[in-house]
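Engineer: Give me a model of this one.
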Amino acid sequence: MKTTRRELMKGGASAVASAAIITDATASSLPTLPGKGRATKVEAPSRFTADWASLTAGYSTPDWFRDAKFGIWAHWSAQCVPEAGDWYARSMYFQGTRAYKHHVAHYGHPSEVGFMEIQNQWKAEAWDPTRLLDLYKRAGARYFMALANHHDNLDTYASSHHPWNTTRVGPRKDIIGTWAKLARERGLRFGVSNHSSHAWHWNQPAYGYDPEGPLAGRRYDAFRLRAGQGRGKWWDGLDPQQLYTGRMMPMPDGIRTIAEANEWHEGTDRLWNEGIPADPAFARNWFLRCRDLIDTYRPDMIYFDNFDLPLEQYGLDITAHFYNQSMRWNNGRLEAVVTAKTTPPQRRMGIVDDVERGGKNYIERFPWQTDTCLGNWHYDADLYARSGYKSAATVLHTLCDVVSKNGNLMLSVPMRGNGTIDDKAEKIIEDIAAWMSRYGEAIYGTRPWRRYGEGPTKASTGLFSEGGPISPYSARDVRYVTKGNNLHALILGWPEDNIVRLTLLGNDDPTLRGQVRRVTLAGYNASLPFKRTSDALEVTLPQTAYNSIGVAIILSGDGVNI
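Structural biologist: Prediction:
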């Protein structure tokens, strides 16, 4: 008896674990389940409706995404201008924080100089997107994503429904339009990230005040500014309340300690709320802005910085619209990807699950993605100074682990407000490029094997679990994927004696169904010497191919990919 996607929705996680209906592409890469046989393809409907039943019944992740494996992200906004790290636009309104101190020292008190002034200081004067995209393509990225808006609520495109956008404020450029054109010219799939559904609660500290000190009780800029006050200023014709979203939940009067203020914010506007605010006009406008983004720039992918789809029905509406538009643009083929975080198992047939700065400890049935950054999401000069970036080895080992579990990796490269990346980030990207140019063929277009890997190091699991910037893996850690008739072993280091020992492939381990006949290094034609013992398949690597990050071995033979 076949289990339908609709039944899986009703059955929840346990039903997904026992019987998942997936696409032909997925079915060809997964082992036959005992007593169940291969999964069958579900054809996409001619039109999606805005409900989970339609999304989960009709969607299948496009092959371009499953084959691409590696993307690079420009998580670039006005919050990169101060070079003081993440969430600056919110944290600058919390007295005593690093961002608050930085802001007072460099720009002034937030009652007089709010974040909207920083947005106008974002000039992107040294931005060279052509050079950056050439670098990212050389590094092996097969898709590129650009930030369309962050929680600070500024659109980085020519938004028809939100005048607070980068064609009128700051850079005075259509950033998304520029990225999209140049990415496509280089054969890269193009994505956009949308974070603004949280602006209605995330921006509320801008309506607060210092609880302590000489300016205690004096409200910050968002509380007092109105459209008419902009006459003769750079923001003439713009309404700050539209940017800051209005007094949804301003901090009440009477709070007199920093500790109490922090607790109040933590329990109210800090809650990661995916719902619709009391004033639904914000949600309606969000939908119009997002639909404008889709219809104007025709992205291949939308990343929602949300747990579940944003803003309840509006999130379902925009996802169905995107899928339908994708089929219209592509002669009936569904080429669209939508991601959200911590997606429940019964919904992973309808969108792509994303794990921010973390991973999974099993082979996920449905394609997924992890996203991370070399450093912080927004540029941080202190992190640069202390050399706190991830190494190329850390990034590539993460990529190998994620790919072995049916996932993709999207990597953000920190950008300064002026549009440049620094020398340390560029060196890491060049190191990634060198490895991918040699071993990328063992990554692209692969599918999971029956086991994801072996070795003493266990991957992190869940959101924000990735650990520090230094890779914990060694040459004893191996990740497996298949491609065509071959099995690929991704070795996460270089063995001291030049011998790789693949313990899952030993004679006494029944995991390997077939017989290895030939072993090569990805990118090389020469066969490598190997022997199969009871404990392992032992492969001798040529010292001339030494790479401290690791290597990719291709195993050919009879049924090795089964």
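Engineer: shaky segments in the chain?
Structural biologist: Filtered on pLDDT under 70, the chain yields the residue ranges 1-46.
Engineer: most distant residue from the middle of it?
Structural biologist: P214 (42.3 Å; CA atoms, centre = their mean).
Engineer: and that residue, how far is that from V104?
Structural biologist: Between P214 and V104 the distance is 12 Å, computed by CB to CB, to the nearest Å. No exception for glycine: its C-beta is placed from N, CA and C like everyone else's.
Engineer: Name whatever forms a beta bridge with the residue positioned nearest the centre of the chain.
Structural biologist: Closest to where the C-alpha atoms of the chain average out (CA atoms, centre = their mean) is D371, at 3.3 Å. Under the criterion DSSP bridges, D371 forms beta bridges with E356, M410.
Engineer: ok, it - contacts?
Structural biologist: Contacts were defined as CB atoms under 8 Å, 6 or more residues apart in numbering; by that measure D371 touches 73, 303, 354-357, 409-412.
Engineer: for the closest residue to Q95 other than its chain neighbours, phi and psi?
Structural biologist: The shortest distance from Q95 to any residue that is not its chain neighbour, by CB to CB, 6 or more residues apart in numbering, is 4.8 Å, and that residue is D210. Per-residue torsions, D210: phi -70, psi 130 (degrees, to the nearest 10).
Engineer: what about the residue nearest to V337 when sequence neighbours are not counted, neighbour count?
Structural biologist: The shortest distance from V337 to any residue that is not its chain neighbour, by CB to CB, 6+ apart, is 4.1 Å, and that residue is M301. For M301, the count of nearby residues is 26 (other CB atoms under 10 Å).
Engineer: now M301: how far from R142?
Structural biologist: Relative to R142, M301 is positioned 12 Å away (criterion: CB to CB).
Engineer: ok, now P510?
Structural biologist: Relative to R142, P510 is positioned 35 Å away (criterion: CB to CB).
Engineer: Which of the two has more residues huddled nearby?
Structural biologist: A direct count of neighbours by other CB under 10 Å for P510 and R142 places R142 higher, at 22 against 8.
Engineer: what's the closest non-adjacent residue to T372?
Structural biologist: The spatial neighbour of T372 that comes closest, neighbours along the chain excluded (CB to CB, 6+ apart), is R357 at 5.0 Å.
Engineer: contacting residues for the one you found?
Structural biologist: When the contact criterion is CB under 8 Å, 6+ apart, the partners of R357 are 370-373, 463-466.
Engineer: Export the residues you listed as a markdown table, with columns for distance to P163.
Structural biologist: Output for the contacts of R357, formatted as a markdown table (distance: CB to CB, whole Å):
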| residue | distance to P163 |
| --- | --- |
| T370 | 35 |
| D371 | 30 |
| T372 | 33 |
| C373 | 30 |
| L463 | 34 |
| F464 | 35 |
| S465 | 40 |
| E466 | 38 |
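Engineer: Of these, keep whichever come out buried.
Structural biologist: Neighbour-count burial (16 or more other CB atoms under 10 Å) is assigned, among the contacts of R357, to 370-373, 463, 466.
Engineer: For D155, state which of those is nearest.
Structural biologist: Distance from D155 was checked for each of the buried ones among the contacts of R357 by CB to CB. The minimum falls on D371, at 20.7 Å.
Engineer: separation between that closest one and L411?
Structural biologist: The value you get for D371 to L411, if CB to CB is used, is 8 Å.
Engineer: Between the two, which contacts overlap?
Structural biologist: Applying CB under 8 Å, 6+ apart, one finds that D371 and L411 are jointly contacted by W73.
Engineer: Three-state assignment for the closest residue to L528 other than its chain neighbours, please.
Structural biologist: For L528, ignoring the flanking residues on the chain, the nearest one in space by CB to CB, 6+ apart is V519 at 4.6 Å. Secondary structure, DSSP: H, G, I helix; E, B strand; the rest coil: V519 is strand.
Engineer: can you give me the strands for the stretch 251-400 of the chain?
Structural biologist: Taking DSSP state E, counting those that start in this stretch as the test, the strands found in the stretch 251-400 of the chain are 301-307, 337-341, 352-356, 368-373.
Engineer: The first one vs strand 368-373, what angle?
Structural biologist: With axes from the mean of the first three to the mean of the last three CA atoms, to 10 degrees as the basis, strand 301-307 and strand 368-373 are set at 80 degrees to each other.
Engineer: Can you tell me the number of residues neighbouring Q515?
Structural biologist: Here the count is done by other CB under 10 Å, and Q515 has 10 residues near it.
Engineer: got the buried residues for stretch 316-329?
Structural biologist: Residues of stretch 316-329 classed as buried under the neighbour-count rule (16+ other CB under 10 Å) are 316-327.
Engineer: nope, stretch 514-528 is what I was after
Structural biologist: With burial defined by 16+ other CB under 10 Å, the residues of stretch 514-528 counted as buried are 516, 519-522, 528.
Engineer: for stretch 374-383, same thing?
Structural biologist: For stretch 374-383, a neighbour-count test (16+ other CB under 10 Å) marks 374-380, 383 as buried.
Engineer: now swap in stretch 54-61 and tell me
Structural biologist: For stretch 54-61, the neighbour count (16+ other CB under 10 Å) marks 54-61 as buried.
Engineer: Which of the residues you listed sits closest to H195?
Structural biologist: L55 (21.3 Å).
Engineer: give me every residue that touches the residue nearest to Q95.
Structural biologist: With contacts taken as CB under 8 Å, 6+ apart, D210 has the following neighbours: 95, 111, 216-218.
Engineer: can we see that at 10 Å?
Structural biologist: 93-96, 100, 109-111, 216-220, 255, 258, 261 (CB atoms under 10 Å, 6 or more residues apart in numbering).
Engineer: Which members of those occur in helices, if any?
Structural biologist: If you go by DSSP state H, these have 100, 258, 261 in helices.
Engineer: could you dump these to JSON lines with distance to T398?
Structural biologist: JSON lines is the format used below for the ones in helices among the contacts of D210 (distance: CB to CB, whole Å):
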{"residue": "Y100", "distance to T398": "33"}
{"residue": "I258", "distance to T398": "37"}
{"residue": "A261", "distance to T398": "38"}
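Engineer: Can you tell me the number of residues neighbouring the closest residue to T533 other than its chain neighbours?
Structural biologist: The shortest distance from T533 to any residue other than its chain neighbours is 6.1 Å, reached at G506 (CB to CB, 6+ apart). G506 is surrounded by 18 other residues when neighbours are defined as other CB under 10 Å.
Engineer: Now G506. Its backbone dihedrals?
Structural biologist: phi -70, psi 160.
Engineer: which residues sit in contact with it?
Structural biologist: Contact criterion CB under 10 Å, 6+ apart gives 512, 532-538 as the residues in contact with G506.
Engineer: change it to 7 Å
Structural biologist: Residues in contact with G506 (CB atoms under 7 Å, 6 or more residues apart in numbering) are 532-537.
Engineer: again, but for D535
Structural biologist: Applying CB under 7 Å, 6+ apart as the definition, the contact partners of D535 turn out to be 503, 506, 508.
Engineer: ok, now how distant is the residue nearest to V337 from P344?
Structural biologist: Taking CB to CB as the measure, M301 falls 21 Å from P344.
Engineer: got it, and E263?
Structural biologist: Remark: distance between E263 and P344 (CB to CB) = 31 Å.
Engineer: now L490
Structural biologist: According to CB to CB, L490 stands 30 Å off from P344.
Engineer: Comparing the two, which residue is more hemmed in?
Structural biologist: Taking other CB under 10 Å, L490 and P344 do not tie; L490 has more neighbours (26 against 14).
Engineer: Using PDB, write down the CA coordinates of whichever strand or helix holds that one.
Structural biologist: Take DSSP states H and E as the rule and L490 turns out to sit in strand 486-491. Presented in PDB, the C-alpha positions along strand 486-491 are these (Å, rounded to 0.1, in the frame of the first residue of the first chain):
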ATOM      1  CA  ASN A 486      30.900   5.400  -8.600                       C
ATOM      2  CA  LEU A 487      31.300   5.800  -4.900                       C
ATOM      3  CA  HIS A 488      33.200   8.900  -3.700                       C
ATOM      4  CA  ALA A 489      35.100   9.000  -0.400                       C
ATOM      5  CA  LEU A 490      35.800  12.500   0.800                       C
ATOM      6  CA  ILE A 491      38.800  12.400   3.200                       C
END
